[in-house]
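Visitor: Build the 3D model from these lines:
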Amino acid sequence: MARFIRKGHQAEANAFVPLPLRGGVAPSYLWITEDRPGGMLAFLEGRFAGVGGPSWIERLARGDVVDAKGNVLQPDSPVRQGMRIWYYRELDEETPIPFEETILFRDEHLVVVDKPHFVPMIPTGRFLRESLLVRLKGRLDLPHLTPIHRLDRETAGVVIFSHNLATRGIYQSMFQKRSIRKVYEALARPLPGRSYPFTYRSRMVDGDKFFVMREEAGAPNSETLVELLEQRGDVARYRLHPHTGRKHQLRLHMASMGAPILNDAFYPVALPCKGDDFSAPLQLLARAIGFDDPLTGAPRSFASQRTLDWPAPD
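Guide: Residues are numbered from 1 along each chain as shown. Model (predicted):
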């Protein structure tokens, strides 16, 4: 069986890219580390069983599968050790997400975006052109655009992208050094008996299901400062300051305290997938990001223009 290493998309490659950005979609590439008999079409059919032969025949005929030098590959082209092949990821059907992002800031290094709920950050699973990265690449024509941090698909708010390869690492290091000031807001049930502000700490580890986290006994590795902003009946609005950046940290912390964020389909219990139901967005918003620019030293601050949806009174 052929072994291979698959890399992501154009912005992650440092070498020559033989296929252009197309409608915001960057080409993917695949390293081949072992000879494979039967030709390129047979290899692609075996590697991408869910795509199907007719689709690969059409892509090969269009010239959408090439080698590292840009040579168009044919169905009978040999599959050799050391090859790198380039191709476009395609989806036959993709449900449009009826919410649009807002550009908050752009300079020669960064693009700061106000992300809507339900839009995934990068192509994954059943999302390609509806991912925020592909939308922005098509809209701004920035082939090297890539997020320097992430938000969950379900979370809205401020997120930062880099489009300058020379300075990307400098800005990414801010998150590694935790020199970024991040503020979130969330709607959840009240927490009676609490004095605000307070800090919640726990040890977070991977859950039994790959897409969720859980807490266990042991030294804390996650920390969130919680403030109460207001309360309306059975719902409260919180300001959350994550001092660490664990996956789903705010969602798990709020659920563990007995106040799961409204409309959270993962915590405290993972519910069946809602598919393309956009009627109940998670009430979690990345309200603001602030930092001292590592290139100029100037303070930077960006705030979301979005609001959370208070439930209608009974």
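
Visitor: Tell me which stretches of the protein form helices.
Guide: Per DSSP state H, the chain carries helices over the ranges 40-47, 53-62, 132-140, 168-176, 249-256.

Visitor: so can I have a markdown table of those showing distance to Pro78?
Guide: All C-beta atoms are positioned from the backbone trio N, CA, C, and that covers glycine. Shown next, in a markdown table, are the helices of the chain (distance: least, C-beta to C-beta, whole Å):
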| stretch | distance to Pro78 |
| --- | --- |
| helix 40-47 | 8 |
| helix 53-62 | 14 |
| helix 132-140 | 32 |
| helix 168-176 | 36 |
| helix 249-256 | 48 |
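
Visitor: If we go by neighbour counts, what in stretch 74-94 is buried?
Guide: Buried residues in stretch 74-94, counted by 16 or more other C-beta atoms under 10 Å: Pro75, Ser77, Val79, Met83, Arg84, Ile85, Trp86, Tyr87, Tyr88.

Visitor: What mean pLDDT does stretch 300-307 get?
Guide: Mean pLDDT, stretch 300-307: 97.

Visitor: my bad, should have said stretch 142-151
Guide: 94.

Visitor: how long is that stretch end to end?
Guide: 20 Å (C-alpha to C-alpha, to the nearest Å).

Visitor: Now it: buried residues?
Guide: Applying 16+ other C-beta under 10 Å to stretch 142-151 flags Leu142, His144, Leu145, Thr146, Pro147, Ile148, His149, Leu151 as buried.

Visitor: And the pLDDT for Arg6?
Guide: Reported pLDDT for Arg6: 47.

Visitor: again, but for Asp276
Guide: Confidence score, pLDDT, at Asp276: 79.

Visitor: list the contacts for it?
Guide: Thr95 (C-beta atoms under 8 Å, 6 or more residues apart in numbering).

Visitor: from now on call the first residue 10
Guide: Sure, I'll start counting at 10 from here, so that last one is Asp285.

Visitor: Could you check how far it is from Phe127?
Guide: Computed as C-beta to C-beta, to the nearest Å, the Asp285 to Phe127 distance reads 9 Å.

Visitor: and what of Ala274?
Guide: 12 Å.

Visitor: Kindly report the same for Leu82.
Guide: 37 Å.

Visitor: Neighbour count: these two, which is higher?
Guide: When neighbours are counted by other C-beta atoms under 10 Å, Leu82 and Phe127 differ, and Leu82 comes out ahead with 24 against 20.

Visitor: Who are the contact partners of that one?
Guide: So Leu82 contacts Met49, Leu69, Val74, Val75, Asp76, Ile94 (C-beta under 8 Å, 6+ apart).

Visitor: out of the helices of the chain, deepest packed?
Guide: helix 258-265 (a mean of 23; mean count of other C-beta atoms under 10 Å).

Visitor: Counting by contacts, list what it packs against.
Guide: Applying 3 or more C-beta pairs under 8 Å, 6 or more residues apart in numbering; DSSP states H and E, one finds that helix 258-265 contacts strand 190-197, strand 207-215, strand 222-225, strand 231-241, strand 244-251.

Visitor: Thanks again, I'm all set now.
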